[in-house]
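*Asks:* Provided below are the primary sequence and the corresponding predicted coordinates.
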Amino acid sequence: MTALAADLETAPIVRRRSSSSESLAEAFADWTAALLQNAVAARGEATFIVSGGNTPKRYFEVLSLRNIDWSRVNVTLADERRVSDDSPRSNAKLVREHLLQNHAAEARFVPLADSRLPPERELTAAQARIAELPLPADLVVLGMGDDGHTASWFPKGDNLEAAMNPGERALVLPMTAPDAAEPRLTLTARVLLRANALALHIEGDGKRAVLAKALEEGPIEDMPIRGVLRGAADRLTLFET
């Protein structure tokens with residue numbers, strides 16, 4: 001066993017490995033659909049928080065074909081860039097084009113940002129929309145950047161400490177950071193780490209190496225994904241190739 005594999009084997013998280021992106025998308029979609037449908041059966045609706053980026057596109061497309069009661073699923077974002085809805089950088093655009101299709105077109109989408117508003121009004125509106133959702137979320141799906149960020153919890157982010165604090169009262173915070181090209185809005189630990197279930201989706205050796213480093217001892221602020229690995233390990237499932 002390689003040192004990297006050994007690091008991952010000792011992690012206190014459930015791991016689901018697949019040999020390819022295609023097989024991972026199928027397995028991840030099946031798992032997600034079952035979890036959401038069970039949540040709908042238990043309380044009449046489900047809250048599903050997703051992330052942007054290139055990694056989840058295939059997973060979203062496969063999941064959109066799963067025939068569950070999507071009309072009772074609320075979908076929102078873990079974070080968003082303050083860009084127009086038609087920008088290729090918009091996470092909302094990605095979700096609309098890759099997830100909210102086929103059967104999943106019936107889901108209720110709750111966008112996080114509205115760049116037409118001035119920052120203070122945009123933040124207030126985002127707080128109100130998230131507060132209206134049934135919480136805790138039934139499932140949060142997160143990605144991870146090469147710098148160890150997740151959602152918009154960036155190293156050296158101006159509101160990073162508050163965003164990662166489970167006791168923070170705010171549900172949404174603005175975030176700017178040296179490695180973030182645009183100002184962003186992000187859900188806080190009060191929402192993300194209190195979810196009933198979380199999934200971390202990574203693909204490729206590069207991301208596996210980043211995860212191995214994150215599993216080592218070190219400040220959470222240096223690699224904010226550590227906040228999830230340490231704060232929600234009992235509810236976290238890793239989906240990886």
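*Replies:* Arrived safely. Numbers count the residues shown, from 1 in each chain.
*Asks:* can you give me the buried ones in the lengthiest helix in the chain?
*Replies:* Taking DSSP state H as the criterion, the chain has its longest helix at helix 21-43. Residues 24-29, 31-33, 35-37, 39-40 are the ones in helix 21-43 that count as buried (16 or more other Cβ atoms under 10 Å). All C-beta spots, glycine's among them, are computed from the backbone N, C-alpha and C.
*Asks:* from those, pick the one nearest residue 63.
*Replies:* Nearest to residue 63 among those: residue 29, at 4.1 Å, using Cβ to Cβ.
*Asks:* can you report how many residues neighbour residue 118?
*Replies:* Neighbourhood size, residue 118 [other Cβ atoms under 10 Å]: 8.
*Asks:* can you check the pLDDT for it?
*Replies:* On the pLDDT scale, residue 118 is placed at 95.
*Asks:* so where's this protein shaky on pLDDT?
*Replies:* Within the chain, the stretches with pLDDT under 70 are 1-12.
*Asks:* quick one: the strands in this structure?
*Replies:* 14-17, 46-50, 73-77, 79-81, 108-110, 139-142, 172-175, 184-187, 198-202, 236-240 (DSSP state E).
*Asks:* which secondary structure elements does the fifth one contact?
*Replies:* Which is strand 108-110. Strand 108-110 is packed against strand 73-77, helix 91-98, with contacts defined by 3 or more Cβ pairs under 8 Å, 6 or more residues apart in numbering; DSSP states H and E.
*Asks:* could you export those as TSV, including mean neighbour count and distance to residue 116?
*Replies:* Shown next, in TSV, are those (neighbours: other Cβ atoms under 10 Å; distance: least, Cβ to Cβ, whole Å):
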stretch	mean neighbour count	distance to residue 116
strand 73-77	23	17
helix 91-98	20	13
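*Asks:* list the buried ones in stretch 126-139?
*Replies:* For stretch 126-139, by 16+ other Cβ under 10 Å, it's 126, 129-130, 133, 135, 137-139.
*Asks:* report the distance from that stretch to the chain centre.
*Replies:* 14 Å (Cα atoms, centre = their mean, to the nearest Å).
*Asks:* picking up where we left off before, for residue 83, find the nearest of the helices and strands packed on strand 108-110.
*Replies:* Ranking these by proximity to residue 83 (Cβ to Cβ) places helix 91-98 first, at 8.9 Å.
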